[in-house]
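*Asks:* no letters, just coordinates:
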């Protein structure tokens, strides 16, 4: 009977000791959970201008981190020893970070790309020796599609730390057709028919205006470049048409190719 009374007294002491802590922990859990939900909605509203994938990821990440911290805090309020638990979480986080350092670098690169936007979906870019049109920007990778229909997957970590050539950022693309003509070609006459020919193409932009320039000299001739600008993504079709039309124009105007220059050498025979 005395043992039962002792157990009852110990139980009463435990209730008196822990009941206020439990009640406070429950209140903290409910209020903290509500505050985390409110903070998540606030972050979601603040990141509406970011990419949808990035905004969703950041909101979920903050939500999970805050909930883990809340649970650790509530456990400490009840009386559980949380030091070891925090140490285990830290060690696990370090191990995961070391194992996934490449993936984390790609994630960080994806965040930088989505925030600073060196390119967006639809741009034609060149990076790490690969070129194509951006079809998708994911958290870890950028997906390119080439003109041949190949799919290229670029890791965002290496891409964000590398040289990126954005061929459509200025919303114009250069079409340059190079031809070699003889020295008797009159440049004014050449420009007189070639410039209007390029301007007549429906995809050639009026500014910067098309031009014909000499880019090099060689024995018996010179190298001439026919240059025009189109809207981004339309340079391929315009170039194919202009090559054919300029070739026909050169033939109709009687513009010839460079004339080979033969050199004479005199050999002196010993007397």
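*Replies:* Good, I have the coordinates. What you see is a predicted model, and the numbers here were worked out from it, not measured in a lab.
*Asks:* residues near the nearest residue to residue 130 once chain neighbours are set aside, how many?
*Replies:* Nearest residue to residue 130, sequence neighbours excluded (CB to CB, 6 or more residues apart in numbering): residue 152, at 5.0 Å. Yep, even glycine has a C-beta here, placed from its N, CA and C like the rest. By the criterion of other CB atoms under 10 Å, residue 152 has 17 neighbours.
*Asks:* which SSE is residue 152 in?
*Replies:* Under DSSP states H and E, the secondary-structure element containing residue 152 is strand 151-155.
*Asks:* any idea how far the residue nearest to residue 130 lies from residue 103?
*Replies:* Applying CB to CB, to the nearest Å, the value for residue 152 to residue 103 is 19 Å.
*Asks:* quick revisit: now do the same for the residue nearest to residue 130: its pLDDT.
*Replies:* The model reports residue 152 with a pLDDT of 94.
*Asks:* what's near enough to touch it?
*Replies:* If you count contacts by CB atoms under 8 Å, 6 or more residues apart in numbering, residue 152 has them with 130, 132, 143-146.
*Asks:* among these, which one lies nearest to residue 20?
*Replies:* Distance to residue 20, by CB to CB, is smallest for residue 143 among the contacts of residue 152, at 56.6 Å.
*Asks:* would you map the strands across the stretch 51-200 of the chain?
*Replies:* Shown for the stretch 51-200 of the chain, the strands assigned by DSSP state E, counting those that start in this stretch span residues 124-127, 130-137, 141-145, 151-155, 164-166, 173-182.
*Asks:* strand partners of the fourth one, parallel vs antiparallel please.
*Replies:* Translated: strand 151-155. With DSSP bridges as the test, strand 151-155 is paired with strand 141-145 (antiparallel).
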